[in-house]
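In: Quick one, fold the following:
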Amino acid sequence: MQELFDKMKEYLNMDTEISFDEFDGYYKKVVAFLGDNWTSLNEDETMHMLFVLDNLKSNGEDRAKRKTKEAKKYAKMAQRSEIWANALINRLREAGLNDEEIGKRYEAIYEAV
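Out: Okay, here's the model as predicted:
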């Protein structure tokens, strides 16, 4: 989990954009990790993964708007990232956090990155 979060931080601090292949590979690692581990993440890990998914979603949506051969693939990755993000948000709610608390904790992660 920490490796995926650290890689996202690295991507966000780059001056250049990663290739489709690298984006796709990273996305697949995130989804594979979630498929195996999402129910065992603690609250902090869930918040960090939510940050990763939100950035995948927004970058996927942005790239999907471009007229490239990968546009549809980016759109699918953005959609699936959003589905996973919603699942994690629901899990946080079930753990007793309200939307305001989730938002504050998310902002704290965003500010730290």
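In: CA only for contacts and neighbour counts going forward, please
Out: Will do.
In: Give me the spatial nearest neighbour of the residue most central in space within the chain, chain neighbours excluded.
Out: For the chain, the residue nearest the mean C-alpha position is L53 (1.2 Å; C-alpha atoms, centre = their mean). Distances taken as C-alpha to C-alpha, 6 or more residues apart in numbering put S81 closest to L53, at 5.4 Å, once the chain neighbours are dropped.
In: That neighbour: helix or strand, and which one exactly?
Out: Using DSSP states H and E, S81 falls within helix 71-94.
In: ok now that helix, how far from the chain's centre?
Out: 8 Å (C-alpha atoms, centre = their mean, to the nearest Å).
In: The most far-flung residue of the chain relative to its centre and Y106, how far apart?
Out: Within the chain, K67 marks the point farthest from the mean C-alpha position, 23.4 Å out by C-alpha atoms, centre = their mean. Per C-alpha to C-alpha, to the nearest Å, K67 is found 32 Å from Y106.
In: cool, and D36?
Out: D36 is 23 Å from Y106, by C-alpha to C-alpha.
In: which one of these two has more residues nearby?
Out: Y106 (17 against 9; other C-alpha atoms under 10 Å).
In: element containing that one, please.
Out: Per DSSP H and E: helix 99-112 holds Y106.
In: ok, A108 - how many residues close by?
Out: 11.
In: And T46, how far from Y27?
Out: 16 Å.
In: One more: G96?
Out: 29 Å.
In: so how far is F20 from L88?
Out: L88 is 26 Å from F20, by C-alpha to C-alpha.
In: More neighbours: the two, which one.
Out: L88 (22 against 14).
In: and the gap between the closest residue in space to K57 that isn't next to it in sequence and V31?
Out: Using C-alpha to C-alpha, 6+ apart and skipping residues adjacent in sequence, the residue nearest K57 is A78, 4.1 Å away. In this view, A78 and V31 are 12 Å apart by C-alpha to C-alpha.
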